[in-house]
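*Asks:* next comes the sequence, and after it the predicted model I'd like to discuss.
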Amino acid sequence: MSGLARCRAILGDLIAFPTVSSQSNLGAISYIAERLEAAGARVEVLSDHSGQKANLFATLGPERPGGLVLSGHTDVVPVKDQPWSSDPFAMVERDGRLYGRGTCDMKGFIATCLAKVDVLERAAATRPVHFAFTHDEEVGCLGARDLVEVLRGREVRPAMVLIGEPTEMRVVEGHKGCCEYTVTFTGAEGHGSTPEKGVNAVEYAARYINRLLELRRALIARCPDGSRFEPPYTTINVGGLSGGYAHNVIAGKAVLEWEMRPVGAADQAFVLGEMARYVADDLLPDMRAVAQQAGISTQVIGEVAGLEPMDDNAARDLVFRLTGANRAGVVPFGTEAGLFQQIGMATVICGPGSIDQAHKPDEYIALEQLRQSMAMLERLGEVYGG
């Protein structure tokens, strides 16, 4: 069987596992573990608190510090209400493309790693090659957050990470962070004819939103010189607001969903600090002057670190050698990369497929992209040991 045929077969197997983030990924993790163990890898399956999700961390080669991690997430986004032309969990080939949920985001990269595990085994003769395949990237990088804490506590840990998110095999060295929050406002209901006797949760949510929009304008002025992102400054988006249930009732509850995409940690701290002060100094005193039980609570849905471009990046330079590229770019979408960077690992993104196909009905990856990804791993086998 040719390398491409092997990769295609493995990808078909992976697509058949419906690893939507709301469901278990254990079947896919077991499949990957079995193939890596057969190649001689030392495999760890790290379950989450529910026992229904797991990360996989595996190593080929000597047990020593350093080495490269090949990383990807196993979960996919939902397919509900999307107009697919075929079963999204039964991969089909048409016109040089492989269709199915997760083909490009990002089981295609995982399939190339498994298809080239023999090459990677030879590459790991003198320094280790690691694999990190995570759960729940699509809902806040939950698996990667757990995994980096495991790695942080180890004396022996990798030095570099290559994350195979779909970049059409372009080398990427930076992206913004992604921080998502749900804020619940608890007021005091009453008759709409006397609004001053109640605490209208929707009105306080509106005041909160207005402050966010003021900060959005301030963030434009804080735009760092030379920012390569588009747009170049930190952004804030109000995603949803719900509350109240009748025209003539003071709304007793409101729920606000919002996100921020910071270009750096300083902007994230600025926004969260300003909002915390506004809640403590303005909103809560006004609410509790009418009803002591009124309150505002914030739930952190996900705080995914950005990937900061670095002058010194051994992972980027290695992938330059593997692909022949000599420039690295930045992307608007988020990944798990910043989490690995936060624990001191050189990190780069480069993988098969286009992000333009991700999350859409009839998601696909071109066979040529898989060929290029496998060629990169072949080159790794040639240059890595030195």
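*Replies:* Arrived safely.

*Asks:* list the contacts for residue 220?
*Replies:* Residue 220 sits next to residue 233 when contact means C-beta atoms under 8 Å, 6 or more residues apart in numbering. C-beta coordinates here come from the backbone N, C-alpha and C atoms, glycine included.

*Asks:* repeat that for residue 199.
*Replies:* So residue 199 contacts 187, 188, 250, 252, 287, 290, 291, 294 (C-beta under 8 Å, 6+ apart).

*Asks:* against residue 50, how distant is the nearest residue to it once chain neighbours are set aside?
*Replies:* Of all residues not flanking residue 199 in the chain, residue 187 sits nearest, at 3.6 Å (C-beta to C-beta, 6 or more residues apart in numbering). According to C-beta to C-beta, to the nearest Å, residue 187 and residue 50 sit 34 Å apart.

*Asks:* with neighbour numbers in mind, choose between those two.
*Replies:* Higher neighbour count among residue 187 and residue 50: residue 187, with 27 against 8, using other C-beta atoms under 10 Å.

*Asks:* do I have it right that the more buried one meets residue 288?
*Replies:* No. The pair residue 187 and residue 288 fails to qualify as a contact (C-beta atoms under 8 Å) at a distance of 10.6 Å.

*Asks:* okay, and the common contacts of the two?
*Replies:* The contact sets of residue 187 and residue 288 overlap at residue 294 (C-beta under 8 Å, 6+ apart).

*Asks:* contacts only, for the residue nearest to residue 199.
*Replies:* Contacts of residue 187 (C-beta under 8 Å, 6+ apart): 198-201, 204, 250-254, 287, 291, 294.

*Asks:* okay, those in JSON lines with distance to residue 112 and pLDDT next?
*Replies:* What follows is the contacts of residue 187, written out as JSON lines (distance: C-beta to C-beta, whole Å; pLDDT from 0 to 100):
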{"residue": "198", "distance to residue 112": "60", "pLDDT": "96"}
{"residue": "199", "distance to residue 112": "56", "pLDDT": "97"}
{"residue": "200", "distance to residue 112": "55", "pLDDT": "98"}
{"residue": "201", "distance to residue 112": "50", "pLDDT": "98"}
{"residue": "204", "distance to residue 112": "51", "pLDDT": "98"}
{"residue": "250", "distance to residue 112": "58", "pLDDT": "97"}
{"residue": "251", "distance to residue 112": "52", "pLDDT": "97"}
{"residue": "252", "distance to residue 112": "53", "pLDDT": "97"}
{"residue": "253", "distance to residue 112": "48", "pLDDT": "98"}
{"residue": "254", "distance to residue 112": "47", "pLDDT": "98"}
{"residue": "287", "distance to residue 112": "55", "pLDDT": "98"}
{"residue": "291", "distance to residue 112": "59", "pLDDT": "96"}
{"residue": "294", "distance to residue 112": "54", "pLDDT": "98"}
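
*Asks:* just the ones of those residues in helices?
*Replies:* Among the contacts of residue 187, the members found in helices (DSSP state H) are 201, 204, 287.

*Asks:* looking at the residues you listed, spot the one nearest residue 20.
*Replies:* If you rank these by distance to residue 20 using C-beta to C-beta, residue 201 comes first, at 32.5 Å.

*Asks:* ok, back up a step: could I have the PyMOL command that selects the buried members from the contacts of residue 199?
*Replies:* A single PyMOL command selects the buried members of the contacts of residue 199 (16 or more other C-beta atoms under 10 Å):
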select buried, resi 187+188+250+252+287+291+294
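
*Asks:* now, which of the contacts of residue 187 sits nearest residue 177?
*Replies:* Proximity of these to residue 177 (C-beta to C-beta) peaks at residue 254, which lies at 26.3 Å.

*Asks:* which strand residues bridge the closest one?
*Replies:* Per DSSP bridges, the residues bridged to residue 254 are residue 185, residue 243.

*Asks:* distance of residue 228 from residue 336?
*Replies:* Using C-beta to C-beta, residue 228 is found at 20 Å from residue 336.

*Asks:* so between the two, which is more surrounded?
*Replies:* More crowded of residue 228 and residue 336, by other C-beta under 10 Å: residue 336, with 27 against 12.

*Asks:* correct me if wrong: the more buried one contacts residue 140.
*Replies:* No. Between residue 336 and residue 140 there is no contact under C-beta under 8 Å: 10.4 Å.

*Asks:* pop out the phi and psi values for the residue nearest to residue 383 when sequence neighbours are not counted.
*Replies:* Nearest residue to residue 383, sequence neighbours excluded (C-beta to C-beta, 6+ apart): residue 321, at 5.6 Å. Phi and psi for residue 321, reported as degrees, to the nearest 10, are phi -70, psi -40.

*Asks:* about what we covered before: using JSON lines, please lay out the contacts of residue 199 together with distance to residue 325.
*Replies:* Converted to JSON lines, the contacts of residue 199 look like this (distance: C-beta to C-beta, whole Å):
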{"residue": "187", "distance to residue 325": "55"}
{"residue": "188", "distance to residue 325": "60"}
{"residue": "250", "distance to residue 325": "60"}
{"residue": "252", "distance to residue 325": "57"}
{"residue": "287", "distance to residue 325": "55"}
{"residue": "290", "distance to residue 325": "61"}
{"residue": "291", "distance to residue 325": "60"}
{"residue": "294", "distance to residue 325": "56"}
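
*Asks:* how about the nearest residue to residue 335 once chain neighbours are set aside, phi and psi?
*Replies:* Excluding its sequence neighbours, the residue lying closest to residue 335 (C-beta to C-beta, 6+ apart) is residue 165, at 5.0 Å. The phi and psi values for residue 165, taken as degrees, to the nearest 10, are phi -60, psi 150.

*Asks:* wouldn't residue 165 be in contact with residue 351 here?
*Replies:* Yes. Residue 165 is in contact with residue 351 according to C-beta under 8 Å; the separation is 5.1 Å.

*Asks:* can you give me the helices in the protein?
*Replies:* 3-15, 26-38, 108-115, 117-123, 142-152, 201-221, 265-278, 284-288, 314-323, 337-342, 367-383.

*Asks:* lovely, talk soon.
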